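Curious how this folds, go ahead:
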Amino acid sequence: MNRLTPAVKMGLSIAAAVGVYGVSFGALAVAAGLDVWQACALSALMFTGGSQFAFIGVIAGGGTGAAAWAAATLLGVRNGVYGMQLKALIRPPARLIPLMAHLTIDESTATATAQDDHDERVRGFWTAGLGVFLLWNVFTLIGAVAGDALGDPKSWGLDGAAVAAFLGLLWPRLKGRDPVAIAVVAALVTAVAMPLVPPGIPVLIAAVVTAGWWAWRRRSPRPEPEGGSR
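Numbering: from 1, shown residues only. This is a model prediction of the structure:
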């Protein structure tokens, strides 16, 4: 039996693309004033890239621990929404819910929801979740230990790895007018918000706006087909 199903292949490719980006976090965390083990602890325990970068961004800017925690928490709210969706889709046994909650991130959620079959959703979630967790933590350690020897992490192009991974997940799902419209609205809202609010917040604003727009469209009466009643 071939265990490399489409969901597993997708999960592995996403893990490879995103996990390597942990080098950037490790280097930036040390540059912000954290030691190696503090950087590694953030990756192991917080394990949500946007929140981690928000945390060290506040610390690097001279903010307090409380402010850093608040920024990280704000960006982490989305994972709770993901968790509710995934629990309904995957229907995991109770004993696995705590581990599943820790591995619920953008990449594992996107990989799972991209599948049509239940078993493939399960495979995609665990492959992406565990794969990203392993590689993200390994490369965080590498980046933190290497520190200044790496130079500017952006010069390696690692800041584009996560973007490329998300585009790879998004593109096959843009089939039909509504998905394309949602993507366009989200992109426009994000572009408008980026100069006005701190990093990470534009994505949350876009999510709220597009969710509200989608709900409004769902409530709006649809025109009756020509020729009488349905």
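
next structured bit after the host helix or strand of Val81?
Following DSSP states H and E, one finds Val81 within helix 65-90. Remark: after helix 65-90, the chain's next helix or strand is helix 97-102, criterion DSSP H and E.

ok, residues contacting that following helix?
By Cβ atoms under 8 Å, 6 or more residues apart in numbering, the list of residues contacting helix 97-102 from outside reads Phe47, Gly83, Leu86, Lys87, Ile90, Pro92, Phe125, Gly129. (Each C-beta comes from the backbone N, C-alpha and C, glycine too.)

just the buried members of those residues?
Taking 16 or more other Cβ atoms under 10 Å as the criterion, what is buried in the contacts of helix 97-102 is Phe47, Leu86, Ile90, Pro92, Phe125, Gly129.

Let me have these in TSV, adding distance to Trp69 and pLDDT as columns.
Listed next are the buried ones among the contacts of helix 97-102 as TSV, based on distance: Cβ to Cβ, whole Å; pLDDT from 0 to 100:
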residue	distance to Trp69	pLDDT
Phe47	15	93
Leu86	25	92
Ile90	30	92
Pro92	28	91
Phe125	28	96
Gly129	24	95
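
Closest to Ala67 out of the residues you listed?
Phe47 (20.7 Å; Cβ to Cβ).

Could you give the backbone dihedrals for that closest one?
phi 40, psi 60 (degrees, to the nearest 10).

Could you pull up the contacting residues of it?
Phe47 is in contact with His102, Leu103, Ile105, Phe133, Trp136, counting by Cβ under 8 Å, 6+ apart.

now do Thr109
Tyr82, Gln85, Leu86, Phe125.

run the last query once more with 6 Å
Going by Cβ atoms under 6 Å, 6 or more residues apart in numbering, Thr109 touches Tyr82.
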